[in-house]
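Peer 1: Structure for this input, please:
(one chain, ligands or ions: 1)
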Amino acid sequence: MANQSQSSAEMTYHQQLNEKTERLQSLLSDFNAPEVQVFESQETHYRMRAEFRVWHDGDDLYHIMFNQQTKEKYRVDNFPPASKTINDAMTVLIETLKNNPVLRKKLFQIDYLSGLSEELVISLLYHKPLDEQWHEEAKKLRDTLSKHFKVSVIGRARKQKSVIGNDFIIEALPVNGTTYYFKHIENSFTQPNAKVNCKMIEWAMAVCQDNQRDLLELYCGAGNFSIPMAGQFRHVIGTEIAKPSVAAAQYNIECNNLDNVKIVRLSAEDFTSAMRKERTFSRLEGIDLESYDFGTVLVDPPRAGLDDESLAMIQDYDDIIYISCNPETLADNLKTLTQTHDIADAALFDQFPFTHHIEAGVRLTRR
Ligand SMILES: C[S@@+](CC[C@H](N)C(=O)[O-])C[C@H]1O[C@@H](n2cnc3c(N)ncnc32)[C@H](O)[C@@H]1O
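Peer 2: Next up is the predicted model:
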């Protein structure tokens with residue numbers, strides 16, 4: 001019986017993955033793309049983050065989620081998509097909170113951030129100000145949880161953020177046999193599916209040959225690609241708009257002992273106008289863009305894809321690696337990029353199993 005239900009779950013996963021692959025292949029077929037390479041996810045424990053609402057039911061207290069179709073709430077005692085660390089913490093946390101009137105009062109949401117490193121940040125969200133008594137109890141909670149996990153606790157309320165420990169985890173990602181360390185900050189963007197993320201970085205490394213030229217990365221976050229890829233290039237410049245991600249990227253550069261990577265806090269649009277010498281930026285002081293010999297550009301934009309100027313700018317480079325979480329905007333951008341470049345490689349990374357969301361990668365080479 002157990003086997004039967006396991007194999008039908010597997011079929012469902014693979015059926016959906018096949019459907020996604022066909023959808024992506026068909027979108028890319030307009031651009032003469034080669035066969036899409038597919039990188040599967042695990043079927044459980046693949047998500048490094050999870051957020052739950054909290055339900056107060058008399059003396060009882062539990063995590064809840066909402067059915068997306070019916071909008072009805074349902075109780076969640078364990079959550080197989082989330083990492084084992086999160087699942088283990090859910091049980092211990094709820095038992096502790098249930099019996100603590102100070103910590104449970106007006107608690108409405110619990111967010112978990114974990115990593116393959118098994119570090120954990122738990123954020124407790126409240127509809128009340130957090131006072132001294134709350135702090136005392138939250139410290140004791142962290143002490144209790146610390147017997148099981150390397151954990152920090154964050155309290156959030158209107159205009160308040162109280163950190164007991166750190167507001168980040170240090171993630172350890174194995175990529176091509178080397179472990180890279182990343183600061184992942186609570187409430188900042190990080191790839192949700194760590195193991196598929198490693199496959200995605202390995203794919204990007206495999207499709208760009210080692211070379212003595214330089215890499216430009218737009219939308220680089222905390223250096224998820226730049227840092228492991230630095231060994232393949234002479235110099236790397238990454239740009240990113242979010243301040244906490246840029247600060248994390250600086251930490252990650254040091255932590256991984258790299259001396260050929262620079263991350264600059266600029267929007268893709270502003271960096272594009274700096275490259276075109278239309279504007280100068282104090283944040284680029286000390287960086288002589290003319291001294292770089294960018295042969296490859298990697299972009300990983302948000303769902304909206306690339307703006308027209310950045311799109312035109314990246315066409316100046318021989319190799320373009322485009323990572324996308326929205327195949328529709330990818331296809332739209334490819335209408336422009338394929339006027340000058342051909343698609344040499346295409347891939348689907350199943351970051352979001354059991355959903356219709358597709359994460360895609362395309363490498364283009366100049367004709
Ligand atoms: C899909 S995430 C990718 C981040 C990174 N490549 C990674 O793998 O973790 C997109 C990133 O683009 C950043 N971003 C959004 N709009 C931007 C803009 N106009 N210019 C530069 N970065 C931007 C976001 O803060 C986010 O970190």
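Peer 1: And the residue of the stretch 201-350 of the chain that's closest to the ligand?
Peer 2: Gly221 (2.9 Å; C-beta to the nearest ligand atom). All C-beta atoms are positioned from the backbone trio N, CA, C, and that covers glycine.
Peer 1: Tell me how far that residue lies from Asn333.
Peer 2: Distance, Gly221 to Asn333, using C-beta to C-beta, to the nearest Å: 19 Å.
Peer 1: hang on, isn't the residue of the stretch 201-350 of the chain closest to the ligand packed against Ala249?
Peer 2: Yes: shown here, Gly221 and Ala249 form a contact pair, counting by C-beta atoms under 8 Å, at 7.3 Å.
Peer 1: anything in contact with each of these two?
Peer 2: Glu240 (C-beta atoms under 8 Å, 6 or more residues apart in numbering).
Peer 1: re earlier: which residues does the residue of the stretch 201-350 of the chain closest to the ligand contact?
Peer 2: If you count contacts by C-beta under 8 Å, 6+ apart, then Gly221 has 188-190, 240, 242, 245, 249, 300 around it.
Peer 1: how much space between the most far-flung residue of the chain relative to its centre and the ligand?
Peer 2: Ranked by distance from the centre of the chain (C-alpha atoms, centre = their mean), the top residue is Gly58, with 37.3 Å. Going from Gly58 to the ligand by C-beta to the nearest ligand atom, to the nearest Å gives 42 Å.
Peer 1: one step back: okay, and which of the contacts of Gly221 map to strands?
Peer 2: Judged by DSSP state E, the contacts of Gly221 include Glu240 as members of strands.
Peer 1: restrict the contacts of Gly221 to those near the ligand?
Peer 2: Filtering those for proximity to the ligand (criterion: C-beta under 6 Å from any ligand atom) leaves 189-190, 240, 242, 245, 300.
Peer 1: most surrounded residue in these?
Peer 2: Glu240 (27 neighbours; other C-beta atoms under 10 Å).
Peer 1: I'd guessed that one sits against Ile263; true?
Peer 2: Yes: counting by C-beta under 8 Å, Glu240 touches Ile263, with 6.5 Å between them.
Peer 1: Show me the common contact partners of these two, please.
Peer 2: 220, 246, 249.
Peer 1: tell me the contacts of the residue in the stretch 1-150 of the chain that the ligand sits nearest to?
Peer 2: The minimum distance from the stretch 1-150 of the chain to the ligand, using C-beta to the nearest ligand atom, falls at Met48 (11.9 Å). When contacts are counted by C-beta under 8 Å, 6+ apart, Met48 touches 82-83, 86, 113-116, 171, 184, 190, 192-194.
Peer 1: Try it again at 7 Å.
Peer 2: Contact partners of Met48, counting by C-beta atoms under 7 Å, 6 or more residues apart in numbering, are 83, 113-115, 192, 194.
Peer 1: Which of these fall within helices?
Peer 2: The helices, defined by DSSP state H, take in Ala194 from the contacts of Met48.
Peer 1: which of the contacts of Met48 come close to the ligand?
Peer 2: Counting by C-beta under 6 Å from any ligand atom, no member of the contacts of Met48 reaches the ligand.
Peer 1: wait, Leu125 sits on Ile154?
Peer 2: No: judged on C-beta atoms under 7 Å, Leu125 makes no contact with Ile154 at a distance of 9.1 Å.
Peer 1: who in the stretch 101-250 of the chain is up against the ligand?
Peer 2: Contacts of the stretch 101-250 of the chain with the ligand, taken as C-beta under 6 Å from any ligand atom, map to 189-191, 219-221, 224-225, 240-242, 245.
Peer 1: from the residues you listed, which ones fall inside helices?
Peer 2: Ser245.
Peer 1: where do the helices sit along this structure?
Peer 2: Using DSSP H, helices in the chain cover 2-29, 84-98, 101-104, 132-146, 194-207, 226-229, 243-255, 268-275, 308-314, 327-337.
Peer 1: If you average pLDDT over each of those, which is lowest?
Peer 2: When these are ranked by mean pLDDT, helix 2-29 comes last with a mean of 79.
Peer 1: From Leu145, how far out is the nearest residue to Phe149 once chain neighbours are set aside?
Peer 2: Nearest residue to Phe149, sequence neighbours excluded (C-beta to C-beta, 6 or more residues apart in numbering): Leu120, at 4.9 Å. Using C-beta to C-beta, Leu120 is found at 8 Å from Leu145.
Peer 1: more crowded one of the two?
Peer 2: Neighbour count, other C-beta under 10 Å: between Leu120 and Leu145, Leu120 has more, with 25 against 20.
Peer 1: Now Lys98: closest residue in space, sequence neighbours ignored.
Peer 2: Lys98's closest residue in space is Leu61 (C-beta to C-beta, 6+ apart), at 4.6 Å.
Peer 1: Tell me how many other residues crowd the one you found.
Peer 2: The burial count for Leu61: 19, using other C-beta under 10 Å.
Peer 1: Which strand residues bridge it?
Peer 2: Taking DSSP bridges, one obtains His56 as the residues bridged to Leu61.
Peer 1: That one touches Leu103, doesn't it?
Peer 2: No: with contact defined as C-beta under 7 Å, Leu61 does not reach Leu103; the gap is 10.0 Å.
Peer 1: Touching both of these two, which residues are there?
Peer 2: By C-beta under 7 Å, 6+ apart, the residues touching both Leu61 and Leu103 are Leu97.
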